[in-house]
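# let me see the structure of the following:
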Amino acid sequence: MPVVKFPYGKEFLSLDIPEERYAGTLVSEMHHYVAPKSPVELVNDAMANPIGTPKLSVMAEGKKKVVLIASDHTRPVPSKCIVPQMLAEIRQGSPDADITILISTGCHRETTKEELVNKFGPEIVANEKIVIHDCDDTENLTYLGKLPSGGDLIINRLAAEADLLVAEGFIEPHFFAGFSGGRKSILPGIASRKTVIYNHNGQFIASPRARTGIVDGNPIHNDMLYAARAARLAYVVNVVINSDKEAIFAVAGDVDLAHRVGREFLASQCQVPANYSDIVISTNGGYPLDQNIYQAVKGMTAAEATVKEGGVIIMLSKSNDGHGGKVFYETFRDEKNLERMMKKFVETPPDETIIDQWQSQIFARLLMRATVIFISDAPDDMVSDLHMVPAHSMEEALAKADEILAAKGIKDGKILAIPDGVSVMVV
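Now for the predicted structure:
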């Protein structure tokens, strides 16, 4: 009897799957990939051989005001092996540079000091200037013109006024931008709420090109890359990580050219074939990506791509921070008709997009395909308000899934496991 372990917060939950019901496990090959060097060495090598740019130390020469964009608490970027090396190279080229680390929260909540220490270590938090982006702080935002789609490009003023703008990040499959990393440091990372919601509008989200692993013809990606160029994002260091959140591949240099190399490596390791099953179990890869229900939608989309129409998705997400988005939550709490909800999303003009509409639209799409049973620490009534079935153990979730399928005449449905839904690209 196969025993499959699923990340849940900082721990794991296991399920014994009967042999006759086991449809397999979809796992990214990069979790088995053995990097030729340590994470620090990989980053060092990437920075010594940048793609499409000079070395960072050379780019820093003569620069007085430098901004280094770093990810926030919702992203498992191994910043401790990236940021110190970036800071050292900047100071090698410009010893007296005024450096600000700008936390790219997008539209997320503010990152706490404890989370910053966990991310960077106490030394950087104590000694470096760190500013947390606020997408609603109009006094510290500035207009850079129009995006190709017609939206206003408004970003953090610190970044716009920098002599040199650089960023760290990581590359993973992304459920509507194709891939994370690279250009996303600007949009949505340090953009205004107005810019983010225009970029994430209903028509763009509905595009068949706005899917995991697709950038060519993806309208969301196109705006993001334009924003990065307009903001003069000059240099990035991006890594690919394994299930232990360790860097196994690194690229540095031009925001697009380096990112292309990184995503090509990622795609070569994480594409998995769809195996349509009655029950698909997925996760967000555990902490830090499973802190709220909002983020859990990402892991669900991997299951959506391989669950049978009318089947069941069992999603594990600790969600100790609750729903993660007030408007996201209220949208589903207040509207029980998914078809009516979806019609409203698609018909909403881009400049009238409401906050979290994109996540709600994708979530509604997958709820229209399958029932979702949600294992979490979130309150049951909150889970139910979000049109899901609450559960608190693997066994309880499977029993509920079997009951749902039995009502449809399906007995002993096939079970497919995706231990880390955000690390795979189902094709």
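# residues near the nearest residue to residue 62 once chain neighbours are set aside, how many?
Closest residue to residue 62 apart from its sequence neighbours, by C-beta to C-beta, 6 or more residues apart in numbering: residue 94 at 6.7 Å. (C-beta placed from N, C-alpha, C; glycine too.) Using other C-beta atoms under 10 Å, residue 94 has 21 other residues around it.
# starting at the chain centroid, how far to stretch 65-84?
Averaging C-alpha positions (C-alpha atoms, centre = their mean, to the nearest Å) puts stretch 65-84 15 Å from its chain's average.
# what is the end-to-end distance of it?
End-to-end distance for stretch 65-84, by C-alpha to C-alpha, to the nearest Å: 18 Å.
# list the buried residues in it.
Neighbour counts using 16 or more other C-beta atoms under 10 Å place 66-79, 81-84 of stretch 65-84 among the buried residues.
# mean confidence for it?
Average pLDDT, stretch 65-84: 95.
# same question for stretch 333-341.
Mean predicted lDDT for stretch 333-341 stands at 97.
# just the buried positions in that stretch, please.
residue 341.
# now do that stretch: everything it contacts.
With contacts defined as C-beta atoms under 8 Å, 6 or more residues apart in numbering, stretch 333-341 is touched by 331-332, 360, 364, 367-368, 385-387.
# the helices in the stretch 101-250 of the chain, which residues?
113-120, 122-127, 157-160, 193-199, 202-206, 219-230 (DSSP state H, counting those that start in this stretch).
# how close does residue 117 sit to residue 125?
5 Å (C-beta to C-beta, to the nearest Å).
# neighbour count winner among those two?
A direct count of neighbours by other C-beta under 10 Å for residue 117 and residue 125 places residue 125 higher, at 17 against 14.
# show me what contacts the residue nearest to residue 42 when sequence neighbours are not counted?
Leaving out its chain neighbours, the residue that sits closest to residue 42 by C-beta to C-beta, 6+ apart is residue 250, at 4.3 Å. Listed by C-beta under 8 Å, 6+ apart, the contact partners of residue 250 are 39, 42-43, 45-46, 237-240, 262.
# low pLDDT regions in this protein?
Within the chain, no stretch has pLDDT under 70.
# show me the domain layout of it.
The record assigns the chain these domain ranges, following automatic domain parsing: 3-26+273-426, 39-269.
# need the ones you listed in TSV (columns: distance to residue 33).
Output for these, formatted as TSV (distance: least, C-beta to C-beta, whole Å):
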stretch	distance to residue 33
domain 3-26+273-426	11
domain 39-269	5
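# closest to residue 32 out of these?
domain 39-269 (8.5 Å; C-beta to C-beta).
# quick one: end-to-end distance for the closest one.
End to end - C-alpha to C-alpha - domain 39-269 spans 18 Å.
# over to stretch 376-385?
For stretch 376-385, the end-to-end distance is 14 Å (C-alpha to C-alpha).
# any buried residues in it, and which?
376, 378, 382-383, 385.
# from these, which two are the most distant?
Farthest apart among the buried residues of stretch 376-385 by C-beta to C-beta are 376 and 385. That separation is 13.1 Å.
# okay, and the common contacts of these two?
Common neighbours of residue 376 and residue 385, using C-beta under 8 Å, 6+ apart, do not exist here.
# and residue 231, how close does it get to residue 93?
21 Å.
# swap that for residue 155, sorry
Separation of residue 155 from residue 93 (C-beta to C-beta) stands at 24 Å.
# ok, residue 118 next?
The spacing between residue 118 and residue 93, counted by C-beta to C-beta, is 29 Å.
# what of residue 254?
Residue 254 is 17 Å from residue 93, by C-beta to C-beta.
# can you check residue 48 too?
To residue 93, residue 48 is 14 Å away according to C-beta to C-beta.
# how about residue 417?
In terms of C-beta to C-beta, residue 417 sits 48 Å off from residue 93.
# more neighbours: those two, which one.
Ranked by neighbour count (other C-beta under 10 Å), residue 417 and residue 93 place residue 417 first, with 24 against 19.
# and that one, helix, strand or coil?
Secondary structure, DSSP: H, G, I helix; E, B strand; the rest coil: residue 417 is strand.
# wait, what's in contact with it?
Counting by C-beta under 8 Å, 6+ apart, residue 417 makes contact with 4, 6, 15, 17, 24-26, 280-281.
# considering those residues, which is situated nearest to residue 399?
residue 15 (11.6 Å).
# who touches the closest one in this structure?
By C-beta under 8 Å, 6+ apart, residue 15 lies in contact with 3-4, 6, 281, 394-395, 398, 417.
# residue 312 contacts residue 403, correct?
No. Applying C-beta atoms under 8 Å as the test, residue 312 and residue 403 come out as separate, 9.8 Å apart.
# fine by me, we can end here.
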